[in-house]
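Asks: Here you go, sequence then predicted model.
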Amino acid sequence: MLTNIVFIFLIAFLLILGGWSFKALISLAQGKPIEVNLKNPLNLKARWPKENKNNK
């Protein structure tokens with residue numbers, strides 16, 4: 001049981017690290033600076049629109 005949980009965290013860590021590496025390689029290939037955002041490592045954004053209080 002504990003081994004499965006450890007493997008889930010290991011796989012998630014490797015996927016996140018691979019995503020960062022892939023994103024860094026793409027940025028370098030395009031000549032852009034590499035940006036590291038620790039609060040949002042995969043640069044995920046909300047899909048739902050923000051509510052405007054000015055709606056009538």
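Replies: Received it, and whenever you're ready, just let me know what you need. Remember, it's a predicted structure, so these values are computed and weren't measured experimentally.
Asks: Tell me how many other residues crowd residue 41.
Replies: Residue 41 sits with 13 neighbouring residues when counted by other CB atoms under 10 Å. Where C-beta positions appear, they are placed from N, C-alpha and C, glycine not excepted.
Asks: what pLDDT does it get?
Replies: In this model, residue 41 is scored at 70, pLDDT.
Asks: Next, the nearest residue to it once chain neighbours are set aside: secondary structure please.
Replies: In this structure, residue 41 finds its nearest non-sequential neighbour in residue 16, 5.8 Å apart by CB to CB, 6 or more residues apart in numbering. Per DSSP: H, G, I helix; E, B strand; the rest coil, the secondary structure class of residue 16 is helix.
Asks: Neighbours of residue 16, how many?
Replies: Residues lying near residue 16 (other CB under 10 Å) number 12.
Asks: now do the one 10 residues further on
Replies: Using other CB under 10 Å as the criterion, residue 26 is surrounded by 11 other residues.
Asks: Kindly report the same for the one 3 residues further on.
Replies: The criterion is other CB under 10 Å. On that basis, residue 29 has 8 neighbouring residues.
Asks: now swap in residue 20 and tell me
Replies: Using other CB under 10 Å, residue 20 has 15 other residues around it.
Asks: Wait, it touches residue 41, no?
Replies: Yes - if you go by CB atoms under 8 Å, residue 20 and residue 41 touch, sitting 6.5 Å apart.
Asks: related to what we said a few turns ago, isn't the residue nearest to residue 41 right up against residue 38?
Replies: No - look at residue 16 against residue 38 with CB under 8 Å: they stay out of range, at 11.2 Å.
Asks: so where's this protein uncertain?
Replies: Scanning the chain for pLDDT under 70 picks out 42, 55-56.
Asks: ok now stretch 47-56, how far from the chain's centre?
Replies: Remark: stretch 47-56 is offset 25 Å from the chain centroid, using CA atoms, centre = their mean, to the nearest Å.
Asks: Buried residues in it, which are they?
Replies: For stretch 47-56, a neighbour-count test (16 or more other CB atoms under 10 Å) marks nothing as buried.
Asks: How about stretch 9-26?
Replies: Applying 16+ other CB under 10 Å to stretch 9-26 flags residue 23 as buried.
Asks: Alright, that wraps it up for me.
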